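# could you look at this predicted model? Sequence included:
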Amino acid sequence: QLDADNYETDPCLKEIRRAENYSWMDIVTIHKDKLPNYEEKIKTFYEEHLHLDDEIRYILEGSGYFDVRDKDDKWIRIFMEKGDMITLPAGIYHRFTVDENNYVKAMRLFVGEPVWTAYNRPADDFPARKQYMKFLAEEA
């Protein structure tokens, strides 16, 4: 169980970061008073996209939704709230939105230097997407 109130000193988070080699992190607050270009960013987050690296998010305050595509290309909505952590594998199509409270504070974790590039759908020719689709086929 992660302790979002004490994330700076949480031994469980420290162990996850060590075990998964999450060497880089920052905190982002998604709220109209805290995030520059809020309206533009919210639209960007909600555009269906993928990344070439895993996306790791740990919710410190507030709540929101990650939508991901299942093996049949149907949306699955995942509610995230304080204390939740999610890892979206490289190559998975997804999007994010805040809920009716319009507020979330999240830790972003990366292996190595952060890469922020999002590739909007369609982006099926990237090796990360092909590898993810291969994984899904093997799991089926």
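Noted; the coordinates are in hand.
# tell me where this structure has helices.
11-20, 38-46, 127-139 (DSSP state H).
# just checking, what packs against the longest one?
Helices and strands touching helix 127-139, by 3 or more CB pairs under 8 Å, 6 or more residues apart in numbering; DSSP states H and E, are strand 49-50. (Each C-beta comes from the backbone N, C-alpha and C, glycine too.)
# mind doing that once more with 7 Å?
The contact analysis (3 or more CB pairs under 7 Å, 6 or more residues apart in numbering; DSSP states H and E) places helix 127-139 against no helix or strand.
# report the longest strand in this protein, please.
Ordering each strand of the chain by length in residues (DSSP state E) puts strand 55-69 first.
# re the thing from before, as CSV, the helices of the chain with distance to His31, mean neighbour count and mean pLDDT would be great.
Formatted as CSV, these follow (distance: least, CB to CB, whole Å; neighbours: other CB atoms under 10 Å; pLDDT from 0 to 100):
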stretch, distance to His31, mean neighbour count, mean pLDDT
helix 11-20, 23, 13, 98
helix 38-46, 7, 13, 97
helix 127-139, 31, 13, 96
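# relative to Ile30, which of those is closest?
Nearest to Ile30 among those is helix 38-46 (7.3 Å), distances taken as CB to CB.
# what's the angle from that closest one to strand 55-69?
If you take axes from the mean of the first three to the mean of the last three CA atoms, to 10 degrees, helix 38-46 sits at 70 degrees to strand 55-69.
# I'd like to know which elements helix 38-46 is packed against.
strand 94-98.
# what residue ranges in this protein score low on pLDDT?
For the chain, no stretch is flagged by pLDDT under 70.
# now do 80
140 (pLDDT under 80).
# before we move on, the earlier item: neighbouring strands for the longest strand of the chain, and are they parallel or not?
Partners of strand 55-69 in the sheet, by DSSP bridges, are strand 75-81 (antiparallel), strand 85-88 (antiparallel), strand 94-98 (antiparallel), strand 104-110 (antiparallel).
# would you turn those strands into TSV with distance to Asp10?
Below are the strands paired with strand 55-69 laid out as TSV (distance: least, CB to CB, whole Å):
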stretch	distance to Asp10
strand 75-81	17
strand 85-88	11
strand 94-98	23
strand 104-110	11
